[in-house]
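*Asks:* curious how this folds, go ahead:
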Amino acid sequence: MNITTINLQNIQCHPKLDKLYLLSKDVDSEKIFSELTDEMLIFIQKNKPLHVIKNNNNQYYFFGNWDTLVELKKRDIKKATAIIHKNITIDEIIDWAYRSEITKWIPYLKDRSQFKYLKTLIELSPLIVKGTFKDGSNKMPVSYIKKIANLTRSQVRTKIDKKEKKVSQLEQYLGNLDE
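*Replies:* Predicted coordinates:
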C-alpha cells in the first residue's frame, strides 16, 4: 500500500462496484458535507482517504471511503488523498467496499431510512460479508439486528416491515392549504 495524492479527474468507481456506489448515493450522506468549509472537507477526506487500485490506463478505481468524493468534485477540488493497493484481488476489493459501507452506517441503525439502506446493503453484499451478518438465508435474522442495534424484536420488525405511507392527492392538497 502507498498513500499519495491523486487527481480526481483520474478516478472512477471500480466497475464491479457501480451498483453499490449508486445505491450509496441514494442516502443523503452528501448533505452532511455540503455545509462544511473546503478546509474541513479536505481535513476529513485526508483522514478517510480513498482506497484505490491503479488500472492499466494510469487511471484509478476507487473502492472505499468515497463519501466525500461527490462534494469534492462539486466544489471543483482537484486532488484527494488515496491509499493505492497493489496486490489485492477482485473478491477482496468487493468485500472491502461492502464492509466499509456497512460499517459506516451501523451507528445509525435506529434511524429508519439508514436502517433500510443498511439492510439492503447487507442483503446485496458478497457471501463472506453475509456470513458476518446473516445465517446463510437471504434475510437478515431479526435476532442479529436486535443484537447489533440494541433494539427490541418489535422495533426491528417495525423497521423491516413498515411500509412508507402514501399520501393521497387530497391529503397533499389539504396539506398545501396550511402553508
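*Asks:* quick one, domains of the chain?
*Replies:* The chain breaks down into these domains under automatic domain parsing: 1-88, 89-165.
*Asks:* dump the ones you listed to CSV, plus mean pLDDT and mean neighbour count.
*Replies:* Where you see a C-beta, it was placed from the backbone N, CA and C, and this is true even at glycine. Converted to CSV, these look like this (pLDDT from 0 to 100; neighbours: other C-beta atoms under 10 Å):
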stretch, mean pLDDT, mean neighbour count
domain 1-88, 91, 15
domain 89-165, 70, 15
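*Asks:* for residue 100, helix, strand, or coil?
*Replies:* At residue 100, secondary structure determined by DSSP: H, G, I helix; E, B strand; the rest coil is helix.
*Asks:* any idea how far the residue lying closest to it once chain neighbours are set aside is from residue 85?
*Replies:* The shortest distance from residue 100 to any residue other than its chain neighbours is 4.5 Å, reached at residue 64 (C-beta to C-beta, 6 or more residues apart in numbering). Here the distance between residue 64 and residue 85 works out to 9 Å (C-beta to C-beta, to the nearest Å).
*Asks:* what is in contact with these two at once?
*Replies:* Between them, residue 64 and residue 85 share these contacting residues under C-beta atoms under 8 Å, 6 or more residues apart in numbering: residue 51.
*Asks:* just the CA atoms of the host helix or strand of residue 24, as PDB, please.
*Replies:* Residue 24 is located in helix 18-25, with elements delineated by DSSP states H and E. Output of helix 18-25 as PDB, limited to C-alpha atoms (Å, rounded to 0.1, in the frame of the first residue of the first chain):
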ATOM      1  CA  ASP A  18     -21.200   0.500  -9.700                       C
ATOM      2  CA  LYS A  19     -24.400  -0.900  -8.200                       C
ATOM      3  CA  LEU A  20     -23.100  -0.300  -4.600                       C
ATOM      4  CA  TYR A  21     -21.800   3.200  -5.400                       C
ATOM      5  CA  LEU A  22     -25.200   4.200  -7.000                       C
ATOM      6  CA  LEU A  23     -27.000   2.700  -4.000                       C
ATOM      7  CA  SER A  24     -24.800   4.700  -1.600                       C
ATOM      8  CA  LYS A  25     -25.500   7.900  -3.400                       C
END
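*Asks:* outside of it, which residues touch it?
*Replies:* 13, 66, 67, 70, 97, 98, 101, 117, 120, 121, 124.
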